[in-house]
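Participant: everything below, folded, please.
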Amino acid sequence: MAPMVATPTALTADLGQPEWLVRRQPHPDAPGLADLVDDVGRFRADDVYRRPRVTDPATRRDRARLGDPAVLWADLLGRSARRPAFRLVREGATADAAGLTRPARIGDRDLTDLAAPNRIINGYRGGATVVLQGLHLTDPALARFANNLALELDQPVQVNAYLSPASARGLDVHFDYHDVFVAQLEGTKRWRVWAPTERSREPIGGRHAVPRPRLDELGDPLLDLVLEAGDVLYLPRGHPHVAETTDRASAHLTVGLLAITWHRIVRRAVDDEIGAGRLRSSIPLSSLDDDRDDRTDGNDRGEGGGDPVGPDAPSVAGLDLDLGSVAVRRWVAQEIWSKQAATRLRPIEPPDAGAADGPLAFAPGPLLTLSTESGRSILFAGDRTVDLPDEAHPFLVALFRADDGVCRRDLPGLDDESSRVVVSRLLDEGVLISHAPTGGRAR
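Facilitator: Residues are numbered from 1 along each chain as shown. Down below sits the predicted model:
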């Protein structure tokens, strides 16, 4: 590769060298948050993490945009689904997987967890709910949907489906360790939702699993309603609930918002501080005294009688709990997008040589971030990073901020040959595509 040559234009100087840039390029053919809530602004400001909310029946929409139960059934029964992508539940109990699977052999490997279609149908006819898990990883349309939500909310998103026969209850009263949207696709289902109990209010999960609530300790429900096709119910984590079908079969999606919690951010920030060689000084003498604020002797205040907690003691600002640290933000982005499907793909064949000279757009898909590290420019694309010389950073900044349809020659920061090298690399990685007019800039 020829050496990159930066162009010292005034516009380049105006762009500066930001430590962190983000570009969100959603899939235009997939749903997003506006398909789940009546008012996106109100949801973000007032509802998320706080209170259950059901969409107004007057705004009921065609949920075929979110999913088709017939397609979900066909994929389960006709494409040799494997555990744990499915399970059957009835009256709070999960059916034994051995009774729902069959063995097979592929190459030199014996498989024991393939779906046995007729056994699954028999279980469904017998009153069990079929649960399809991880659809954001196995269904291309739902993967794009989940990624659009993750772009809007900056949280990992999963999608499951529940296919229930009439007059059936799959799970007992329980609460989830994450927020969920319940999108009714077909039929009807009754939901009862209660206020969080003391032990379910801020559940952590994992090794700290909280016992399920009992009906006799919950009192009257906050909500008792029947969802019809087109309705969406939002449930913050920790809210006990139970669902059961009426005299009609039901199909719904549960879209899980697997929020990253502050305790994980604090742990990561502390690790970064320690890794940078800080937080290594001793704590002050007599730290357990009950009158520390009244002492005036310098011996207990570090060198020179300074701050009584020591010169590099931790503080909220020092730990970047406002997510101001590029390292912490980079970790959060990786935590989110390591859980999502790679819906931005490299081209199977290398792009045409002339593609770098035409109008360009960022390909839709996972979050794009631009930062610098150790004298390199790092472009994160969800499932991979593209490492480029620091000389390319001003050009990449301009590219991140440009409208779809921009041409590389119109951007400052690199000479013509070097900008062609960078754009060709991004086209080959699938980060950029040749532009087809869509009428607007991604945010």
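
Participant: from now on I want contacts and neighbour counts done on CA atoms only, so please keep to that.
Facilitator: Noted.

Participant: domain parsing for this protein?
Facilitator: Following automatic domain parsing, one gets these domains for the chain: 10-25+343-434, 33-257, 268-323.

Participant: Arg330 is nearest to which of those?
Facilitator: Among these, the nearest to Arg330 by C-alpha to C-alpha is domain 10-25+343-434 (8.3 Å).

Participant: quick one: mean pLDDT over the closest one.
Facilitator: For domain 10-25+343-434, the mean pLDDT works out to 92.

Participant: 35 is where my numbering starts, stick with that
Facilitator: Yep, numbering from 35; the last one is domain 44-59+377-468 now.

Participant: end to end, how far does stretch 91-111 reach?
Facilitator: 33 Å (C-alpha to C-alpha, to the nearest Å).

Participant: now the domains of the chain as CSV including distance to Gln368 and mean neighbour count?
Facilitator: CSV is the format used below for these (distance: least, C-alpha to C-alpha, whole Å; neighbours: other C-alpha atoms under 10 Å):
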stretch, distance to Gln368, mean neighbour count
domain 44-59+377-468, 7, 18
domain 67-291, 10, 18
domain 302-357, 13, 14
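
Participant: and the ones you listed as TSV, adding distance to Trp371?
Facilitator: Formatted as TSV, the domains of the chain follow (distance: least, C-alpha to C-alpha, whole Å):
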stretch	distance to Trp371
domain 44-59+377-468	5
domain 67-291	7
domain 302-357	17
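
Participant: lowest average pLDDT across those domains?
Facilitator: Lowest mean pLDDT of these: domain 302-357, a mean of 58.

Participant: for this structure, give the strand that spans the most residues.
Facilitator: Across the chain, the strand with the greatest residue count (assigned by DSSP state E) is strand 275-291.

Participant: my guess is Arg94 contacts Asp265, does it?
Facilitator: Yes: look at Arg94 against Asp265 with C-alpha atoms under 8 Å: they come within range, at 5.8 Å.

Participant: ok, back up a step: mind giving me the packing neighbours of the helix or strand that the longest strand of the chain is followed by?
Facilitator: Once strand 275-291 ends, the next helix or strand along the chain (criterion: DSSP states H and E) is helix 296-309. Judged by 3 or more C-alpha pairs under 8 Å, 6 or more residues apart in numbering; DSSP states H and E, helix 296-309 is in contact with helix 360-371.

Participant: give me the residues contacting the helix it packs on.
Facilitator: Contacts with helix 360-371, where a contact means C-alpha atoms under 8 Å, 6 or more residues apart in numbering, come from 53-54, 184, 188-190, 294, 299, 302-303, 306, 357, 400-401, 405, 416-417.

Participant: try 7 Å this time
Facilitator: By C-alpha atoms under 7 Å, 6 or more residues apart in numbering, the surrounding residues in contact with helix 360-371 are Trp54, Gln189, Pro190, Arg302, Ala303, Leu357, Pro400, Gly416, Asp417.

Participant: pull out the buried residues from it.
Facilitator: Buried positions in helix 360-371, judged by neighbour count with 16 or more other C-alpha atoms under 10 Å: Val360, Ala361, Val362, Arg363, Arg364, Val366, Ala367, Gln368, Ile370, Trp371.
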